[in-house]
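*Asks:* Dropping the sequence and predicted coords here.
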Number of protein chains: 2
Amino acid sequence: MNPLARPGDRIAAIDTPALVLDLDAMERNLARLAGFARERGLRLRPHAKMHKSAELARLQMAHGAVGVCVQKTAEAEALAAGGVDNIYISNEVTARPKLARVAALAQRLAQAGGRLAIAVDSAEGVSGLAQALAGAPAGSIDVFIEIDVGQARCGLPPGDAAVALARDIARHPALHLAGLQAYHGGAQHRRAPAEREAALALACDAVRRTRDALLAQGFGPLLVTGAGTGTFELEAASGLWGELQAGSYLFMDADYAANQLPPGQTPFEHALFVKSQVMSRSADRAICDAGHKTHAIESGLPTVWSPPGLVFGNGGDEHGVLRAATPGGTLPALDDTVWLIPGHCDPTVNLHDWLVGVRGGLQHGTVERLIRVDARGALT
Amino acid sequence: MNPLARPGDRIAAIDTPALVLDLDAMERNLARLAGFARERGLRLRPHAKMHKSAELARLQMAHGAVGVCVQKTAEAEALAAGGVDNIYISNEVTARPKLARVAALAQRLAQAGGRLAIAVDSAEGVSGLAQALAGAPAGSIDVFIEIDVGQARCGLPPGDAAVALARDIARHPALHLAGLQAYHGGAQHRRAPAEREAALALACDAVRRTRDALLAQGFGPLLVTGAGTGTFELEAASGLWGELQAGSYLFMDADYAANQLPPGQTPFEHALFVKSQVMSRSADRAICDAGHKTHAIESGLPTVWSPPGLVFGNGGDEHGVLRAATPGGTLPALDDTVWLIPGHCDPTVNLHDWLVGVRGGLQHGTVERLIRVDARGALT
């Protein structure tokens, strides 16, 4: 396929539509969360399901992250192939053929001095994992018991249910019980700080009860891992979580930008943009070349970063419909560049093979490098 | 990446989540629309933005299609590389670097005995295209003037505005005015037949006025091209359209299935499925491994094809939440297969590199072949 841009290109030369990463803004976000975790003595394990890039995972680890999370076996394989050696599949894997791949990857990473971890929430998942790792050295894989802390998706109910699963895990020397997976996805985008606090208060209670039930039975030490960009300050303040998994902080998106923050807190910077171009103009609208094959819209349409005064309307798979925000407002001309902030970064990045990394800003900067989305489409 | 399946595999062996194509159902849909067009003496040029596959485009042409439509220059390039030699970019391209690619592709296809066509809706678009094709033989590219027939996206207003653009086109011998692009995307999913008929009545009026204005000035003959899976019978009956562009008919999706049909009409068959697997089970829900990185949800969530009695809920990027449709209904067990019908086929296919083509049905069939999504991610 035609390359979107080449290192050294001016911004104007980037083909459209393209996903453009403001490297300066991204690096400030990177340093900010790394500093936050370091100051509090917390482990940082950003979620790489967001960027799916081995290069960015390694960059996060170079800035202090202990490793990264992924959601899929194939994502772990793709990142491992790109040199990432500490990976946590923060999700359940129960199918036998996939567990064979998990076991193979655990052994490959261990041989390279790295480590694989995985979440479980069923006895079947534990026994399948143990079978796949039959004959492997003791402690070949870190296992986190997932508990449902309010999202009603995967995970055991909080409390005693985890004890039986911990006993199952303890029966298999290749499996090392590392702690609890406790992520509240549903709390991340509640707009008011008080709403997020209320959700996290319940999550804290769920974690505390489960942890105490396990400790009372002699299991431990237990690392509690979880948190996202919308709530990580609450998990950090709780004293319960030892590891933060926020991912979107690195790029930010329109959905997270819509969260209200408590006084004194500032949002992460937008680092991820869609560069788009006007390809049709009428009296009352400009049509740009980015639709929902370019940016995911399940968490809301993109917002227009520049030029100002425009509202983005859904134009289908390949088009965006730009109208003036106020009657009589200026519309961009044919071929003008329009910069968009995607509604949701994770599934947007998953639509692209490359991120175009620019240095020096969107207006006057240049293309520094192209960053491969290694795990794009890694669904299995 | 790990292959999803191999030819000869049983259905059970297909890795999940995967996009599975029921080849028998697909071929019945293929034959049905081909027969419809043939019986009425209409040209069929299916929209390949839906399947993005050179193999399927060639299959459609082998069954009588004159060529295919695409929306993007990069899609045209990807399909041409896969041996498709008659392609219509039914969309505006105005950026100079892209127009150079369009011109190069027009000449490449012509040399191979094929043909490229493109839509225009601005004087700038025409002059840019002409400049890119400077020195090319007369009639190197077919040009369709796009008119807005009700969607309020691209296209000139109906009527006289097209005459000035036709004069522009006539000034450049490399450009051949082939007709009118008239597609009403907004009408496709209006649920009641009467709503679609009302929208198409207005579109017919727009086409007639524009065609008559052009014919009165000596332009012609003019081919009117457009129509989608939701309305093609109306365009066909109008006597105005000479070419049908329906695309989704080949796979069908939940959104088109929700259209009400006039008495006597039957829907196309569902041929496109997501094969998914349960990877977490609670008392009140089963969690499957397909979220909106597997299927687009901007036109609605997937419906559950099998097992019966389940409702699919949004579980985010990587998960689906299955609940019983009625209180006390049966939930699938861990590792059970769940078949989904995607809400919208086009952006769903664009998430995948391969379609797993199966023969003999989803229950007892086998994998016949893997079909490459050649233009997956071809956005520019």
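*Replies:* Alright, I've got the coordinates.

*Asks:* Only C-alpha atoms from now on, for both contacts and neighbour counts.
*Replies:* Will do.

*Asks:* rounded to a whole number, what's the mean pLDDT of stretch A:301-320?
*Replies:* Computed over stretch A:301-320, the mean pLDDT rounds to 98.

*Asks:* Could you give me the buried positions within that stretch?
*Replies:* Applying a neighbour-count criterion of 16 or more other C-alpha atoms under 10 Å in any protein chain shown, one finds A:301-305, A:310-320 buried in stretch A:301-320.

*Asks:* and those, which of them are in strands?
*Replies:* A:303, A:304, A:305, A:310, A:311, A:312, A:313, A:314, A:320 (DSSP state E).

*Asks:* nearest to chain B, of those residues?
*Replies:* Distance to chain B, by C-alpha to the nearest C-alpha, is smallest for residue A:320 among those, at 8.5 Å.

*Asks:* Can you tell me who the closest one pairs with across the strands?
*Replies:* Applying DSSP bridges to residue A:320 gives these bridge partners: residue A:288, residue A:314.

*Asks:* can you list the residues of the stretch 201-350 of chain A near chain B?
*Replies:* The stretch 201-350 of chain A comes close to chain B at residues A:279-282, A:287, A:292-294, A:297-298, A:315, A:317-318, A:321, A:334-335, A:346-347, A:350, as judged by C-alpha under 8 Å from any C-alpha of the partner chain.

*Asks:* For residue A:229, which non-adjacent residue is closest in space?
*Replies:* Nearest residue to residue A:229, sequence neighbours excluded (C-alpha to C-alpha, 6 or more residues apart in numbering or on different chains): residue A:246, at 4.8 Å.

*Asks:* So the one you found versus chain B, what's the distance?
*Replies:* From residue A:246 over to chain B the distance is 15 Å, taken as C-alpha to the nearest C-alpha, to the nearest Å.

*Asks:* Repeat that for residue A:213.
*Replies:* For residue A:213, the distance to chain B - C-alpha to the nearest C-alpha - is 20 Å.

*Asks:* who touches that residue in this structure?
*Replies:* A:159, A:160, A:162, A:163 (C-alpha atoms under 8 Å, 6 or more residues apart in numbering or on different chains).

*Asks:* for residue A:340, same thing?
*Replies:* Contacts of residue A:340 (C-alpha under 8 Å, 6+ apart): A:273, A:274, A:275, A:276, A:302, A:303, A:304, A:305, A:306.

*Asks:* How about the secondary structure of it?
*Replies:* Per DSSP: H, G, I helix; E, B strand; the rest coil, the local secondary structure of residue A:340 is strand.

*Asks:* got the buried residues for whichever helix or strand residue A:213 is part of?
*Replies:* Counting by DSSP states H and E, the element that carries residue A:213 is helix A:193-216. By neighbour count on 16+ other C-alpha under 10 Å, the buried set for helix A:193-216 is A:193, A:196-197, A:199-201, A:203-204, A:206-208, A:210-211, A:213-214.

*Asks:* hang on, residue A:354 packs against residue A:19?
*Replies:* Yes - between residue A:354 and residue A:19 there is a contact at 7.3 Å, judged by C-alpha atoms under 8 Å.

*Asks:* more crowded one of these two?
*Replies:* Taking other C-alpha atoms under 10 Å in any protein chain shown, residue A:354 and residue A:19 do not tie; residue A:19 has more neighbours (29 against 23).
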